[in-house]
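Novice: Generate a structure from the sequence data that follows.
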Amino acid sequence: MDPHLLRTYVTVTRLASFSEAARELGYTQSAVSQHIAALETDLGLPLLTRRPVAPTPAGERLLEHAGALLLRLDAARADLGRFAAAPRATLSVAASPLALHPRTLAALPATGVTLRAMPRERVPAAVATGEADAGLVDGIAAPSDPLRLPDVAPLAATGVTEEPLAVVLPRDHPLAGRTGLRLDDLVDARWLDAPAAGVPLDRLRAVHGGPAGRGFRAALRYEGTDSRALTALAAAGHGLVLLPLPVAGGVPVAVPLVAPRLVHRTELLLAAGARSEGAGPVAEFTRRLKS
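Specialist: So this is what the prediction gives:
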């Protein structure tokens with residue numbers, strides 16, 4: 001299966017247009033049509049309907065494989081490219097929003113840094129493909145347990161911080177006077193769905209382990225990355241939110257989560273072949289994070 005043809009196929013299905021895909025990829029529309037026809041001939045199956053442009057059932061199944069295949073190829077190219085690359089004088093860091101806290105920010109070099117905030121699920125791919133030299137990713141886990149990260153490529157993960165968690169509530173909430181809260185107490189509460197700025201609700205459902213689809217219903221969805229706006233929404237009664245205690249500590253009511261035993265963990269991600277020792281900005285950043 002030719003990866004160039006596969007990349008064309010993914011672009012056509014994403015844009016639902018041969019002409020738009022040609023414009024994005026820098027090909028003629030005729031070349032894009034030839035790529036799709038060649039891929040269909042190779043696999044012996046129709047992959048797209050033409051009017052409208054949409055994947056067939058076989059094409060849908062191919063899409064389930066395509067993203068991981070192309071990502072692995074991009075990661076392999078970036079990994080091998082490090083053998084020939086000269087040491088860099090700058091540092092590019094991809095980070096999920098809640099991974100940006102005083103310790104990680106203090107470890108950044110004073111100059112020559114590009115810091116990109118992105119959804120936590122995109123950080124491993126950014127590091128694997130060379131889009132970023134290093135990654136900072138966060139999540140919830142049992143104490144001392146590593147985060148569960150997608151298997152996009154060989155990556156080296158190092159724990160940076162572990163912080164307790166707290167539930168942000170409005171002052172008049174019935175549970176606001178508690179000294180600690182159990183996740184079992186909060187299954188039927190109204191929550192803020194904030195996948196970037198808070199702990200995602202699907203992760204809460206997973207660690208709670210209740211019946212599929214039960215509990216932790218979203219009252220409002222917040223798609224921003226500003227934790228201050230998120231805590232203000234919670235304090236105003238729009239729903240509960242689970243945050244690292246240092247982030248939640250400045251709001252009027254933040255009650256520690258006591259069960260199950262969970263922490264907010266931040267990890268440093270490097271490509272397996274990255275230079276994390278010796279000189280250079282990646283090595284210096286790594287040393288400062290570990291110190």
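Novice: shaky segments in the protein?
Specialist: Applying pLDDT under 70 to the chain flags residues 85-86, 210-213, 273-279.
Novice: Does residue 97 touch residue 196 like I think?
Specialist: Yes - using Cβ atoms under 8 Å, residue 97 is in contact with residue 196, at 5.5 Å. For the C-beta atoms, the positions are set from N, CA and C on the backbone; glycine is no exception.
Novice: which residues are in contact with both of those two?
Specialist: Taking Cβ atoms under 8 Å, 6 or more residues apart in numbering as the contact criterion, the common neighbours of residue 97 and residue 196 are residue 225.
Novice: just so I have it, where are all the helices in the protein?
Specialist: Using DSSP state H, the helices of the chain run over residues 3-15, 18-25, 29-43, 57-84, 102-106, 123-128, 201-208, 227-235, 245-248, 281-290.
Novice: Can you tell me which of those helices is packed in deepest?
Specialist: Of the helices of the chain, the one with the most neighbours on average (mean count of other Cβ atoms under 10 Å) is helix 123-128, at a mean of 25.
Novice: Of all the helices of the chain, which one comes closest to residue 180?
Specialist: Closest to residue 180 of the helices of the chain is helix 245-248 (Cβ to Cβ; 11.7 Å).
Novice: what's the neighbour count on residue 159?
Specialist: Residue 159 has 16 neighbours, counted by other Cβ atoms under 10 Å.
Novice: same deal with residue 168?
Specialist: Applying other Cβ under 10 Å, we find 27 residues neighbouring residue 168.
Novice: which residues does the residue nearest to it when sequence neighbours are not counted contact?
Specialist: Using Cβ to Cβ, 6 or more residues apart in numbering and skipping the chain neighbours, the partner closest in space to residue 168 is residue 234 (4.1 Å). By Cβ under 8 Å, 6+ apart, the residues touching residue 234 are 168, 169, 170, 192, 240, 241, 251.
Novice: which residues touch the nearest residue to the last one once chain neighbours are set aside?
Specialist: If I follow you right, that is residue 251. By the measure of Cβ to Cβ, 6+ apart, the closest residue to residue 251 outside its immediate chain neighbours is residue 231, 4.6 Å from it. By Cβ under 8 Å, 6+ apart, residue 231 lies in contact with 168, 241, 243, 247, 248, 250, 251.
Novice: Not counting its neighbours along the chain, what's nearest the fourth one?
Specialist: For residue 247, ignoring the flanking residues on the chain, the nearest one in space by Cβ to Cβ, 6+ apart is residue 227 at 5.2 Å.
Novice: Report the contact partners of that neighbour.
Specialist: Residues in contact with residue 227 (Cβ under 8 Å, 6+ apart) are 97, 98, 197, 198, 243, 247.
Novice: Outside of stretch 96-106 itself, list whatever touches it.
Specialist: Under Cβ under 8 Å, 6+ apart, the answer for stretch 96-106 is 95, 115, 117-120, 123, 136-138, 160-161, 196-198, 225, 227, 243-244, 246-247, 264, 266, 288-289.
Novice: Of the residues you listed, select the buried ones using a ChimeraX command.
Specialist: Buried members of the contacts of stretch 96-106, defined by 16 or more other Cβ atoms under 10 Å, are picked up in ChimeraX with:
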select :95,118,120,123,136,137,138,160,161,196,197,198,225,227,243,244,247,264,266,289
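Novice: The nearest residue to residue 220 once chain neighbours are set aside and residue 219: what is the separation?
Specialist: Spatially, and ignoring its direct neighbours in sequence, residue 220 is nearest to residue 238 (4.7 Å; Cβ to Cβ, 6+ apart). The gap separating residue 238 from residue 219 is 6 Å, by Cβ to Cβ, to the nearest Å.
Novice: Name the residues contacting each of those two.
Specialist: Counting by Cβ under 8 Å, 6+ apart, the shared contacts of residue 238 and residue 219 are residue 192.
Novice: if you count what's nearby, which of these two comes out ahead?
Specialist: residue 238 (17 against 14).
Novice: Sort out for me which of the contacts of residue 234 are in strands.
Specialist: 168, 192, 241 (DSSP state E).
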